[in-house]
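1. predicted model and sequence follow; I will ask about them next.
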Amino acid sequence: EITNNLKVPLSQINVIITLFDENKNQILVKEVNSLVNTIMPGMKGPFELVLPSNEAKDTESYSLNLDYELSHPKSQVIDITESELSTDNHNNLIITGVVKNNGHITANTVAIIATLYDIEGNVAGVSRIHPEPDYLGVNDNAFFLVTIPDKIQNEQIKEYTLIAESEEYAAVPEFPIGTLVLLAVTLSAYVGITRFSGKIITNLISATNLKS
């Protein structure tokens, strides 16, 4: 996750990830985007790097660099009014809910971003989906469904957060659905590495200073 500790919104957010082997030799440099297009001050945006097994097995450590642009504020009016975490008949995790446009114009290209946490508060998975239709008129709402089919990863998931945004609007502030202990952990600045089925999932970095 990327935490925006600045006083202005961030956009065009890229994470540059350098991978190293056990001898600290550089293996690869990867670049991924934040799943949240505009991260408002005090809010977070997840990102994910998925590696094939042959690349993941040689990776022992990594470094992260953040590239971003400062953005004009957006009205925070795209709100998730309800959500529920459950499982289907195949034991896949499902998050269902309703998203609403509380703004004064139509919200286009609405997206729902889910961040899932393990029992220690580490990021265990991320997902971005679009409701159907992906636009909302003024005061309109829409049902959404997020599926997490990775059963190995599902066993680790204990809590989640949801963020909704559109081209015109940013998300209403959303806190993790869990305990204050979880909240304290996820707001600290740490970098971790977790392997799930050949995946490497990086956890949390912070934007605390303006780029030089």
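-> Sure, I can see it. Residues are numbered from 1 along each chain as shown.

2. how about the nearest residue to residue 160, chain neighbours excluded?
-> residue 116 (4.7 Å; Cβ to Cβ, 6 or more residues apart in numbering). All C-beta atoms are positioned from the backbone trio N, CA, C, and that covers glycine.

3. distance of the one you found from residue 157?
-> Residue 116 sits at a distance of 5 Å from residue 157 (criterion: Cβ to Cβ, to the nearest Å).

4. repeat that for residue 57.
-> As it turns out, when the distance is counted by Cβ to Cβ, residue 57 lies 24 Å from residue 157.

5. looking at those two, which one has more neighbours?
-> Between residue 57 and residue 157, counted using other Cβ atoms under 10 Å, residue 157 has the larger neighbour count: 17 against 11.

6. now do the SS call for that one.
-> Each residue gets one of three states, and residue 157 gets coil by DSSP: H, G, I helix; E, B strand; the rest coil.

7. and if you look at residue 112?
-> Using three-state DSSP as the criterion, the local structure at residue 112 reads strand.

8. which strand residues bridge it?
-> According to DSSP bridges, residue 129, residue 164 are recorded as the beta-bridge partners of residue 112.

9. hmm, it is touching residue 132, no?
-> No. At 11.5 Å, residue 112 does not count as touching residue 132 under the criterion of Cβ atoms under 8 Å.

10. of these two, who's got more company?
-> For residue 112 and residue 132, the more surrounded residue by other Cβ under 10 Å is residue 112, and the numbers stand at 25 against 10.

11. and that one, what pLDDT?
-> pLDDT for residue 112: 94.

12. quick check: neighbours shared by residue 116 and residue 157?
-> Between them, residue 116 and residue 157 share the neighbouring residues 93, 124-125, 148, with contact defined by Cβ atoms under 8 Å, 6 or more residues apart in numbering.

13. identify the residue nearest the geometric centre of this structure.
-> Within the chain, the residue whose C-alpha comes closest to the C-alpha centroid is residue 46; the distance, by Cα atoms, centre = their mean, is 2.4 Å.

14. could you find the closest non-adjacent residue to it?
-> Counting by Cβ to Cβ, 6+ apart, the residue nearest residue 46 is residue 126, at 4.1 Å.

15. could you do residue 97 as well?
-> Closest residue to residue 97 in three dimensions, ignoring its sequence neighbours and counting by Cβ to Cβ, 6+ apart: residue 83, at 3.3 Å.

16. what does the helix or strand harbouring residue 86 rub up against?
-> Under the criterion DSSP states H and E, the helix or strand holding residue 86 is strand 76-87. The list of residues contacting strand 76-87 from outside it, by Cβ under 8 Å, 6+ apart, reads 40, 93-103, 107, 110, 112, 136, 141, 160, 162-166, 169-174, 177.
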